[in-house]
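J.: Quick one, what's the 3D model for this:
(one chain, ligands or ions: 1)
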Amino acid sequence: DMGGHDTYMHKEMSEQAEAVDRVLRGRIDDRFSTVHLGGLNLDAREARGVRRIKILGCGTSYHAGLIGAGLIEELARIPADAEPASEFRYRNPVVDPDTLYIAVSQSGETYDVLAAVQELKRKGARVLGVVNVVGSAIAREADGGTYVHAGPEVCVVSTKCFTNTVVAFALLALHLGRIRDLSVADGKRIIEGLRKLPGQIEEILAMEPEIEKLAKEYAGAQSMMFIGRVRGYPVALEASLKLKEISYIHAEAYPASELKHGPLALIEPALPTVAIVPDDDLLEKNRAALEEIKARSGRILAVAHQNQEKADHTIVVPKNENELDPILMGIPLQLFAYHTALAMGRDIDKPRNLAKSVTVE
Ligand code: F6R
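T.: Numbers count the residues shown, from 1 in each chain. Here you go, the predicted structure:
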C-alpha cells in the first residue's frame, strides 16, 4: 500500500521524520546526557577497551557506515573507518582482538556482509550489527547491536533506512563518547541536535516543489559530478549512487580537494556539479572549489546552509550541529534524484538490473 503516493520511494522519503523520531524514542537519557542502546551487549569496561572500529556494509549501507565512522571519530575519538564488506572479505584482513567490527545492513541478508560477519566470528572477533530488519540473518549472527527502526522499505533503493542508519550511528557514537571523553555539555549539545532532526526533515521535505523544478533543469545531463569534503564526502557518494541507480545518469563523487588532482579536466558547461557546502570549518575551502569550477564554466548546484554566490542554484537546508549536518544534507538530494528520474520516465521503484537484497555472491 503506497498510502496515496505514486511510488514506494516517494512514500519512504516522506516517512523520514517519523522514522527518525522512532529511532530516538525511549533512548535519550537527559540526566547523563547520553543514550541507552539496549541490545549492544558491550558494557562500559568493554567499550573503553575498544581501540579501533571497522564498519562493513555494501552500497548505501556502506555510505551510512562512512558517515558513522566520522561520527564515532568525532564524538568518541576512537579511530574508525568503513569498508565495503566484499573488499574486506577478499583481502584476507588482519583481524585484531581490540577492534570492534560493525556490520551495517538494511535487509540483514546481504551475502557479502553476512559472509564477512561469519569470517570475523570464526576468527574470534566481536561483531555488532546495525540492521533494519528484525531477526534477519546478520542480526542473528552478530554478538549484539542496534536496530535501525526505519520500518519496512519496499523500494529497491534505500532512502529512509539510510537516514535512520546514520542516526543510529550518531546514537552509538554519543553512547561511546560519553563512556569515554565526550563532555556532558557536548553530549547535551548533540542530544539537542538529534531532537531537532525530525522537524528539520519536515522542512526539507516541504522544499520538494523547488527541488522538482531544479531536477527538471538538470535531467538532460549526460553525467554529473558530486563533491564534498570530510563530513560532506559520504553525502556526495550517496547522492551520486542514488542518482545513477534510478535515473541511469552517470555520476561520480569526489572529495572536493581531489578535483585539482584530475577530475577538474572533466569540468565544462555540459557536466554539472552538485556540491555539499555546510557552514562549518571547511566552508571557505569548499567555496574555493566552487570558484575553480565556475572558472571552467561548470554549472553548480549547491546544498548549503546559506546561498552560495558561485553556484547557479543553492538548496538551503536547516543548520544542525556540525557533526549531525550530513544526516540532513542528503535528503534534498534523494528528492533531486527522484524528480530527475521521474522527469526521464524511469521505473523508480524497480530500477533495471537491481534487486532489493543481494543474497548471492
Ligand atoms: C542503494 C541500495 C543498495 C543497498 C545494498 C546493501 O540504494 O539499496 O546499494 O544499500 O545492496 O543492502 P543492505 O543494506 O540490505 O545490506
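
J.: use CA for all of it now, contacts and neighbours both
T.: OK.

J.: Spatially central residue in this structure, please.
T.: Ala64 (3.5 Å; Cα atoms, centre = their mean).

J.: pretty sure that one contacts Asn164?
T.: No. Checked against Cα atoms under 8 Å, the pair Ala64 and Asn164 is beyond contact range at 9.1 Å.

J.: Helix or strand: which one has the residue nearest to the centre of the chain?
T.: helix 59-76 (DSSP states H and E).

J.: is that helix anywhere near the ligand?
T.: Yes. Helix 59-76 reaches the ligand (Cα under 6 Å from any ligand atom) through Gly59, Thr60, Ser61.

J.: Summarise which helices and strands whichever helix or strand comes after that helix is packed against.
T.: Later in the chain than helix 59-76, the nearest helix or strand by DSSP H and E is strand 80-84. Packing contacts for strand 80-84, counted by 3 or more Cα pairs under 8 Å, 6 or more residues apart in numbering; DSSP states H and E, involve strand 52-57, helix 59-76.

J.: The residue of the stretch 251-361 of the chain found nearest the ligand: neighbouring residues, count only.
T.: Proximity of the stretch 251-361 of the chain to the ligand (Cα to the nearest ligand atom) peaks at Ser357, 5.3 Å away. Neighbourhood size, Ser357 [other Cα atoms under 10 Å]: 14.

J.: okay but it is in contact with Ser107, surely?
T.: Yes. Ser357 is within contact range of Ser107, at 6.4 Å (criterion: Cα under 8 Å).

J.: Against Met13, how distant is the closest residue to Lys11 other than its chain neighbours?
T.: Counting by Cα to Cα, 6 or more residues apart in numbering, Lys11 lies nearest to His5, which is 5.6 Å off, once chain neighbours are set aside. To Met13, His5 is 10 Å away according to Cα to Cα, to the nearest Å.

J.: cool, Glu217 as well?
T.: For Glu217 relative to Met13 (Cα to Cα), the value is 22 Å.

J.: Look at the two and report which has more neighbours.
T.: When Glu217 and Met13 are compared for neighbours, Met13 comes out ahead with 22 against 12, by other Cα under 10 Å.

J.: List the contacts of that one.
T.: Shown in contact with Met13 (Cα atoms under 8 Å, 6 or more residues apart in numbering): Thr159, Lys160, Gln334, Leu335.

J.: downstream neighbour of the top helix by length along the chain in the secondary structure list?
T.: Longest helix in the chain, counting residues (DSSP state H): helix 184-205. Under the assignment DSSP H and E, the closest C-terminal helix or strand after helix 184-205 is helix 208-218.

J.: in its sheet, what does the helix or strand following that next one sit against?
T.: Toward the C-terminus, helix 208-218 is succeeded by strand 223-228 as the next helix or strand (DSSP H and E). Strand 223-228 sits in its sheet next to strand 250-255 (parallel), strand 273-277 (parallel), going by DSSP bridges.

J.: Am I right that Ala125 is in contact with Asp96?
T.: Yes. Between Ala125 and Asp96 there is a contact at 7.2 Å, judged by Cα under 8 Å.

J.: Fine by me, we can end here.
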